[in-house]
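Participant: Sequence first, then the predicted structure, then my questions.
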Amino acid sequence: PFFLYLPYAMPHLPVSASSRLGKSRAGLYGDVIETIDWSAGEILKTLRELGLDSNTMVAFMSDNGPWLNLPARMLAKENQPWHTGFKSLLRGAKGNTYEGGQRVPGIVRWPGMIPARQVNADIASTLDMFPTVCAAASLPLPKDRVYDGFNLLPTLQGKAPSPRDHFFYFRSNILEAYREGSWKVRHARFESPLKPGEPIVPELFNLDDDPAEQYNRYERNRALGDKMLARLRAFAAERGARLDA
């Protein structure tokens, strides 16, 4: 099978549109989204015309959330700060470890192999695409290394839950958060107006019932929070990553 990756779900500035310019009620950014939707449709139509549709896995996703604290150089060619995209109810944006900076759409299509119209809220990552594609192509992974990704093919086919039950959140080389199942612990001063010498207050969120990360439940769940913080610190030591202090 073939694999086609369309990394277009969250375009960053500067943005521009071609034939769809002025077509959307959402302004220039809406024009860009409609252009992307049209161009993705043209690619899928071409796959059908070439007889490759049923033999091609198509993945459509983004790399991070909207760029809200962007530099002025990105506002060229009539681009405006509100052309950066929309993160809905999620907190944060590109460049931090709240869900608005990390969580992105992910759509995978493979007619005849992946059932249509499924919705899955399990944890997944772009790190998982490599072993997933290899599994789809029946290619064994070399045994001489450790992989950060998991094979999501059974999950995409609706046969099993996601094999990824945890995720580590980095900002550059600083490890700031860790998710395990529904729970996420965060230990970082970024976006927190702390005074010099003031300690970081750990944050613990349940992402199933609080995806907007509004309610810090660390004090009510200290045992769980401290256990997850210990896992975060152990992984930082294992990988030689920095921790916010």
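Facilitator: Perfect, I can see it now.
Participant: Could I get the contacting residues of the residue lying closest to His187 once chain neighbours are set aside?
Facilitator: Distances taken as CB to CB, 6 or more residues apart in numbering put Pro202 closest to His187, at 5.2 Å, once the chain neighbours are dropped. No exception for glycine: its C-beta is placed from N, CA and C like everyone else's. Taking CB atoms under 8 Å, 6 or more residues apart in numbering as the criterion, Pro202 is in contact with 185-187, 218, 225, 229.
Participant: where do the helices sit along the chain?
Facilitator: Ranges of helices in the chain, per DSSP state H, are 27-49, 99-102, 129-136, 153-156, 222-239.
Participant: still on that earlier bit, dump the contacts of Pro202 into JSON lines; add pLDDT as well.
Facilitator: Formatted as JSON lines, these follow (pLDDT from 0 to 100):
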{"residue": "Val185", "pLDDT": "98"}
{"residue": "Arg186", "pLDDT": "97"}
{"residue": "His187", "pLDDT": "95"}
{"residue": "Tyr218", "pLDDT": "97"}
{"residue": "Gly225", "pLDDT": "98"}
{"residue": "Leu229", "pLDDT": "98"}
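Participant: In the residues you listed, which residue is surrounded by the most others?
Facilitator: Using other CB atoms under 10 Å as the neighbour criterion, Arg186 leads the contacts of Pro202 with 28 neighbours.
Participant: Number of residues surrounding the closest residue to Phe150 other than its chain neighbours?
Facilitator: Leaving aside its sequence neighbours, Phe150 sits nearest to Pro163 (CB to CB, 6+ apart; 4.2 Å). When neighbours are defined as other CB under 10 Å, Pro163 has 16 of them.
Participant: Contacts only, for Pro163.
Facilitator: For Pro163, the contact set (CB under 8 Å, 6+ apart) comprises 150-152, 154-155.
Participant: how near is it to Gly95?
Facilitator: For Pro163, the distance to Gly95 (CB to CB, to the nearest Å) stands at 29 Å.
Participant: and if you look at Asp53?
Facilitator: In this view, Asp53 and Gly95 are 38 Å apart by CB to CB.
Participant: okay, the residue nearest to Phe150: pLDDT?
Facilitator: What the model reports as pLDDT for Pro163 is 97.
Participant: Ala177 and Trp183 touch, don't they?
Facilitator: No: counting by CB atoms under 8 Å, Ala177 does not reach Trp183; the two are 10.8 Å apart.
Participant: So these two - more neighbours on which side?
Facilitator: The residue with more neighbours, out of Ala177 and Trp183, is Ala177; 24 against 19, by other CB under 10 Å.
Participant: On the strand side of things, show who that one bridges to.
Facilitator: With DSSP bridges applied, Ala177 shows beta-bridge pairing to Tyr169, Arg186.
Participant: before we move on, back to that, single out the most deeply packed of the helices of the chain.
Facilitator: Of these, the one with the most neighbours on average (mean count of other CB atoms under 10 Å) is helix 99-102, at a mean of 24.
Participant: per-residue confidence averaged over that helix?
Facilitator: For helix 99-102, the mean pLDDT works out to 92.
Participant: Please identify which of the helices of the chain is closest to Ser16.
Facilitator: Nearest of those to Ser16, taken as CB to CB: helix 27-49 at 7.2 Å.
Participant: now Ala236: how far from Arg109?
Facilitator: Distance from Ala236 to Arg109, by CB to CB: 37 Å.
Participant: Next: Ala116.
Facilitator: Distance, Ala116 to Arg109, by CB to CB: 8 Å.
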